[in-house]
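Novice: Predicted model, plus sequence, below.
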Amino acid sequence: MHARMSARGSGSQMSEISMSRPAVGEAGRTGDWRNNRPVIDAAKCLAVKQGKVTCQICWVYCPDGCIAQGVGPVIDLTYCKGCGICAEECPAGAIEMQPESLHGVCAVDETGEAAR
Amino acid sequence: MSDQVSVMTGNEAAANAARLARVQVIAAYPITPQSPVVEQLAAWVESGELPAEFVAVESEHSAMTVCIGASTVGARTFTATSSNGLAYMTEQVWWAPGARLPIVMCVVNRAMAAPWNVLNDQQDSMSVRDAGWVQLFCRDNQEILDTTVQAYRIAERLHVPVMVCYDGFLLSHTMMPVAVPTPEQIDAFLPPFTEPFTVVDPGDPHNIGPVVMAEPRADETGATRGGYMEIRALHHRALLDALAIIPETDAEYASAVGRSWGGLTWEHLLDAAEVVLVAAGSLGTQLTVTAEQLRSEGIKAGVLGIRAYRPFPVEALRDKLAGRRLALVFDKALSYGYEGPICSDLRGAMLGSDGAPAVFGAVCGLGGRDVSPEDLAEAARRALTDLDAGARTRETDWINLHLEG
């Protein structure tokens, strides 16, 4: 569609500046950006092992607020960008970053080989 | 109570304008030839005469950043710089218009280094012409005062920052009579700024300036928000709207204060002129003397001054130049490897328009190289000689260049 630029009185409803309210997903479905997915191994997770809301260090460190507290914590993959900070910080080593290709989301792995 | 006429420099005229505009936040870093503007404002803040916040910063980048922060929360802000200071500020020079903040900045035009040179040309402001500011050029100290006040009205109506450009030393440090409007006159002309685009409300918190993706998408309420291109298109539209707002503002100012500066362009002896001398800033004032000299020799010369360089007043220029033989553009700046920026823009504006004149370019006054009305007249005579010999285009004429030593 061509939009001709004309002076004055355009009546556009678009916002003139970049501004948003803090809300879930206000920066878009950033899970689309992810190459590697955090996967929690319940057998190693301290909260699961103790059966209560403890540790939660992944929830503390997630820079995008994608992890909900729980037994064990729950990662929202719609918005998780796959930065890997949770896996790095987990004291039990319970979070593994797995290539998206293993989960059928990304059809090509980083070597360029088709995964399926 | 009417205007009081004082004898003052261009820098003092700019400072008086900021005071009359009741600026609330000033942030600036000193650089020749801009320094006296903010020294004067700092003195007024210190004495209590100007109830504003003066933020001393460590660089021009921070000066603009402070203005951006203050303007984001709705304060009326002022800064000024020159040359390498403007270059150092450049990242934030782009942020201010993209965030649609009505900041006013005086650019006291000075040559860019290297080599070091503190004297006048217009390369500094030309180098950021594409950043999305309105750029207005002044021809004398009275126009500096009046234009700087007008700049706030233009900026706040359009939500676009405005650069008020005036020639270093030639205007900034030269004393001229300047009529200073009364605060009552300016208050009637310039209402407080009350409608920023940004929402700064603890009860309704917003992210200001978050990353924007390529495509439009729904926000948290489901409403469609523009992507980068939509935001930039609306910004461009605001600059085009300035083509109407600048003359309207000048007319409102004339009603309130009694002086008009012609809006987008100004002219001298343009009636029946066959050769039109084009320039921005104080060079235009010199060209009025040149045109009068050429007229006395029987050459039908006139002057068309560029007051608004961005937005570029294409329709006004086409209208004023239709049917002339020659437009000779004098630039105090250069796009290295091509030609003077006003010359290129004017030739592009003329292309395909009815009765378009030939457009020739001349470069002069780089790094403060002296140029007299007679030098300019001689350049006009050379251009007419070339035109009479059949030239429709020509290499840039460098005035007063002495490569042979």
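Specialist: Perfect, thanks for sending it.

Novice: For the residue positioned nearest the centre of chain A, which residues are in contact?
Specialist: Geometric centre of chain A, nearest residue: residue A:80, 0.3 Å, by C-alpha atoms, centre = their mean. Contact analysis of residue A:80 by C-beta atoms under 8 Å, 6 or more residues apart in numbering or on different chains lists A:30, A:31, A:34, A:37, A:38, A:62, A:64, A:66. Quick note: C-beta positions are derived from backbone N, CA and C, even for glycine.

Novice: so is it in a helix, a strand, or just coil?
Specialist: coil (DSSP: H, G, I helix; E, B strand; the rest coil).

Novice: And it, how far from chain B?
Specialist: Separation of residue A:80 from chain B (C-beta to the nearest C-beta, to the nearest Å): 17 Å.

Novice: confidence score at that residue?
Specialist: Per-residue confidence (pLDDT) for residue A:80: 96.

Novice: residue nearest the centroid of chain B?
Specialist: Note on chain B: the residue nearest the mean C-alpha position is residue B:136, at 2.5 Å, using C-alpha atoms, centre = their mean.

Novice: Confirm it sits in a helix?
Specialist: No: looking at residue B:136 with three-state DSSP, it is strand, so not inside a helix.

Novice: and it, what does it touch?
Specialist: Taking C-beta under 8 Å, 6+ apart, one finds B:147, B:150, B:151, B:162, B:163, B:164, B:165, B:246, B:307, B:308, B:309 in contact with residue B:136.

Novice: of those residues, closest to chain A?
Specialist: Closest approach to chain A among the contacts of residue B:136 (C-beta to the nearest C-beta): residue B:246, at 12.2 Å.

Novice: thinking again about what came up before, if I look at the residue nearest to the centre of chain A, how far off is residue A:96?
Specialist: For residue A:80, the distance to residue A:96 (C-beta to C-beta, to the nearest Å) stands at 14 Å.

Novice: Pretty sure residue A:14 sits against residue B:227.
Specialist: No: counting by C-beta atoms under 8 Å, residue A:14 does not reach residue B:227; the two are 9.3 Å apart.

Novice: so what sits against both of those two?
Specialist: residue B:216.

Novice: residues contacting residue 73?
Specialist: Using chain A here. Neighbour list for residue A:73: A:40, A:45, A:47, A:56, A:58, A:59, A:67 [criterion: C-beta under 8 Å, 6+ apart].

Novice: oops, chain B please
Specialist: B:196, B:198, B:200.

Novice: again, only this time at 10 Å
Specialist: B:24, B:25, B:196, B:198, B:200, B:208 (C-beta atoms under 10 Å, 6 or more residues apart in numbering or on different chains).

Novice: For the buried ones among these, write the corresponding ChimeraX selection.
Specialist: Typed into ChimeraX, the line below selects the buried ones among those, using 16 or more other C-beta atoms under 10 Å in any protein chain shown:
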select /B:24,25,196,198,208
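
Novice: among the contacts of residue B:73, which two are most distant?
Specialist: Within these, B:24 and B:208 form the most distant pair, 18.8 Å apart (C-beta to C-beta).

Novice: Now the strand or helix carrying residue B:96 - C-alpha only, CSV.
Specialist: Element membership for residue B:96, per DSSP states H and E: helix B:90-98. Only the C-alpha atoms of helix B:90-98 are listed here, as CSV (Å, rounded to 0.1, in the frame of the first residue of the first chain):
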residue,chain,number,x,y,z
THR,B,90,25.2,14.5,17.4
GLU,B,91,23.8,11.3,18.9
GLN,B,92,21.4,13.2,21.1
VAL,B,93,20.8,15.7,18.3
TRP,B,94,19.0,12.8,16.5
TRP,B,95,17.3,11.6,19.7
ALA,B,96,15.5,14.9,20.4
PRO,B,97,13.5,15.1,17.2
GLY,B,98,12.8,11.3,17.1
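
Novice: What residues of the helix or strand just after that helix count as buried?
Specialist: Remark: after helix B:90-98, the chain's next helix or strand is strand B:104-109, criterion DSSP H and E. Residues B:104, B:105, B:106, B:107, B:108, B:109 are the ones in strand B:104-109 that count as buried (16+ other C-beta under 10 Å).

Novice: Can you tell me which residues in the stretch 51-200 of chain B are near chain A?
Specialist: B:72, B:98, B:99, B:100, B:101, B:159, B:196, B:197, B:198, B:199 (C-beta under 10 Å from any C-beta of the partner chain).

Novice: how close does residue B:339 sit to residue B:111?
Specialist: Using C-beta to C-beta, we find residue B:339 at a distance of 18 Å from residue B:111.

Novice: one step back: need the contacts of residue A:80 in JSON lines with secondary structure, can you?
Specialist: Output for the contacts of residue A:80, formatted as JSON lines (three-state DSSP):
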{"residue": "A:30", "secondary structure": "helix"}
{"residue": "A:31", "secondary structure": "helix"}
{"residue": "A:34", "secondary structure": "coil"}
{"residue": "A:37", "secondary structure": "strand"}
{"residue": "A:38", "secondary structure": "strand"}
{"residue": "A:62", "secondary structure": "coil"}
{"residue": "A:64", "secondary structure": "coil"}
{"residue": "A:66", "secondary structure": "coil"}
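
Novice: ends of stretch B:86-103, how far apart?
Specialist: In terms of C-alpha to C-alpha, to the nearest Å, the two terminal residues of stretch B:86-103 are separated by 14 Å.

Novice: circling back to that earlier point, let's have the contacts of residue A:73 in JSON lines, adding neighbour count.
Specialist: JSON lines is the format used below for the contacts of residue A:73 (neighbours: other C-beta atoms under 10 Å in any protein chain shown):
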{"residue": "A:40", "neighbour count": "22"}
{"residue": "A:45", "neighbour count": "21"}
{"residue": "A:47", "neighbour count": "23"}
{"residue": "A:56", "neighbour count": "17"}
{"residue": "A:58", "neighbour count": "26"}
{"residue": "A:59", "neighbour count": "19"}
{"residue": "A:67", "neighbour count": "23"}
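
Novice: Can you tell me which of the residues you listed end up in strands?
Specialist: A:40, A:67 (DSSP state E).

Novice: From the contacts of residue A:73, pick the one nearest chain B.
Specialist: residue A:67 (19.9 Å).
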